[in-house]
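Visitor: below are the sequence and a predicted model; questions follow.
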Amino acid sequence: MTLSADYSPVEARMKLARVLLDNTSDPLPQKHQLAQSDMAKLGNMGWETVNASLRSLQKEGAIKMERHRIIINRKMLLQTVEDSTRKMC
């Protein structure tokens, strides 16, 4: 069992955005079918961190959560990664 790392909210959102982007290829908004536990493993984060980051990304409009699905806006997620990188520097 691997322990998840502690990340600031900015770092966690950036890592989650990267997980979502790395696991999709179509530039148009699309449905994403990774489970939150899968996202947590891929991003080396705890489930609670993923959940909070998903809510934050949804609030800003980068994703839309539906029952068992996440619809991502690739352009907005890329912007989230760029903005987060600037904030961490």
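Guide: Nice, thanks for sending it over.
Visitor: taking the centroid of this protein, which residue is nearest it?
Guide: Nearest to the geometric centre of the chain sits Leu16, at 2.6 Å (Cα atoms, centre = their mean).
Visitor: shouldn't that residue be in contact with Ala62?
Guide: No: using Cβ atoms under 8 Å as the test, Leu16 is too far from Ala62 to be in contact (9.9 Å). Quick note: C-beta positions are derived from backbone N, CA and C, even for glycine.
Visitor: name the next helix or strand downstream of the helix or strand of the chain with the lowest mean pLDDT, please.
Guide: The helix or strand of the chain with the poorest confidence is strand 30-32; it has a mean of 59 (mean pLDDT, DSSP states H and E). Once the chain leaves strand 30-32, the next helix or strand it forms, by DSSP states H and E, is helix 36-43.
Visitor: check which residues of that next one are buried.
Guide: Using 16 or more other Cβ atoms under 10 Å as the test for burial, helix 36-43 gives Gln36, Met39, Ala40, Lys41, Leu42, Gly43.
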